[in-house]
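Colleague: sequence and predicted structure, then a few things I'm wondering about:
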Amino acid sequence: MAMRLVVPHQDRPLQPPAPDRVRRFKRHLIECLRELRKARRPDRLIQALVVPVAADVVPVLVAGCTACRGFCCLGGGEHAYIDERTLARIHRDQPALTGRGMIAAYVQQIAPRSFADSCLFHGETGCTLRADMRARLCHSFFCSPLKEFLRGAVPADEVTVVPGPAGWDGGRVPKVTSPR
Ligand code: SF4
Ligand code: SF4
């Protein structure tokens, strides 16, 4: 059975990062580092990074997120969902990186132009942050339409991805429908 998969969509304008937003992001990282230092067992904060999905569904997920242009990243603001658990993982993987170095590495990757009021890494062609520095949520979130697709038994090559109206978050209608 062929399937038409309607995904969320956003079409905000692009803008350079405002200095006060970058400052807020740095403050957020400093707060996360503080929380990390307080942890007695930082290793226990680390979560598995990837929620595995079958290889054959990946092209549909990529097509969906590309057509959508990252609606779910709009909530990333000046935190990008990064917390002390994210930084604990980076510290485990790069023990020589100081707190100051970590902040610099993040700031260097801020998109030169990102969608208005979205995550600072939400650039025109996708996320500008290295995958290994992203929050776990950025690797594991699926919006309702993608979850519905993953629950279904439709072969990936029978799915046609269509962006919904700009500003639609994927809830209620429009949703996954069969072709007319
Ligand atoms: S997970 Fe859903 S909302 Fe997020 S970018 Fe992909 S299609 Fe868009
Ligand atoms: S870090 Fe990247 S994937 Fe995560 S919210 Fe920001 S733009 Fe989206």
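Modeller: On my side now, so go ahead. Residues are numbered from 1 along each chain as shown. Ligands and ions are numbered 1, 2, ... in the order given.

Colleague: so the most centrally placed residue in the chain is in which element?
Modeller: The centroid of the chain falls nearest to residue 138 when counting by C-alpha atoms, centre = their mean (3.3 Å). Assessed by DSSP states H and E, residue 138 sits inside helix 136-140.

Colleague: any part of that helix near ligand 2?
Modeller: Yes: Helix 136-140 lies within reach of ligand 2 by C-beta under 6 Å from any ligand atom, at residue 138. Glycine gets a C-beta too; all of them are placed from N, C-alpha and C.

Colleague: ok now that helix, how far from the chain's centre?
Modeller: Centroid separation for helix 136-140 versus its chain: 6 Å, with C-alpha atoms, centre = their mean, to the nearest Å.

Colleague: what is the next helix or strand after that helix packed up against?
Modeller: Next helix or strand after helix 136-140 toward the C-terminus (DSSP H and E): helix 144-151. Where contact means 3 or more C-beta pairs under 8 Å, 6 or more residues apart in numbering; DSSP states H and E, helix 144-151 is packed against strand 3-7, helix 58-68.

Colleague: re earlier: the residue nearest to the centre of the chain reaches residue 83, doesn't it?
Modeller: No: Residue 138 lies out of contact with residue 83 (C-beta atoms under 8 Å); the separation is 11.8 Å.

Colleague: what ranges do the helices span in this protein?
Modeller: Secondary structure of the chain (DSSP state H): helices at 19-38, 58-68, 84-93, 99-108, 136-140, 144-151.

Colleague: how about residue 115: what's its closest non-neighbour residue?
Modeller: residue 12 (4.3 Å; C-beta to C-beta, 6 or more residues apart in numbering).

Colleague: now the residue nearest to the centre of the chain: how far from residue 109?
Modeller: 13 Å (C-beta to C-beta, to the nearest Å).
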